[in-house]
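Novice: when you get a sec, could you give me coordinates for this:
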Amino acid sequence: MNDLAGLIATDQIQVEITIRLGSTRLTVAELSRLRPDDIVPLDRDMSDGVDICVGDKIIAYGELVAGQDTDNRLCVRILAPANAS
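Specialist: Numbering: from 1, shown residues only. Presented below is the predicted three-dimensional model:
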């Protein structure tokens, strides 16, 4: 029996992931009034962490961290797979 992993070079296939922080709804008028330094509150608490998504599907949960080895870029620490909740 052929192993599918042997037929497909999965290390060459790239998948874009999206980190979802939260969302909010604004009217067009509210959106048009936004200025530098305004704060837009989201529908999540800071302790809720972030969703890690492929397309619209949540695949894992994580938290934002500062990268140590990435020139202090914003990074995500994986906390749990989505199916664990």
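Novice: mind checking pLDDT for T70?
Specialist: You'll see T70 listed with a pLDDT of 66.
Novice: immediately after the least confident helix or strand in the chain by mean pLDDT, which helix or strand?
Specialist: One helix or strand of the chain scores below all others by mean pLDDT, DSSP states H and E: helix 4-7, with a mean of 70. Toward the C-terminal end, the helix or strand that comes next after helix 4-7 (DSSP states H and E) is strand 18-20.
Novice: so what strands line up beside that next one?
Specialist: strand 50-54 (antiparallel) (DSSP bridges).
Novice: roughly how far apart are the residue nearest to the spatial centre of the chain and R25?
Specialist: Nearest residue to the geometric centre of the chain (Cα atoms, centre = their mean): I19, 0.9 Å. Distance of I19 to R25, given as Cβ to Cβ, to the nearest Å: 20 Å. (Each C-beta comes from the backbone N, C-alpha and C, glycine too.)
Novice: do A80 as well
Specialist: 28 Å.
Novice: settle it for me: which of these two has more neighbours?
Specialist: Legend: neighbour count by other Cβ atoms under 10 Å for A80 and R25, higher for A80 (12 against 7).
Novice: about what we covered before: so the residue nearest to the centre of the chain sits against G49, correct?
Specialist: No - using Cβ atoms under 8 Å, I19 is not in contact with G49, being 10.0 Å away.
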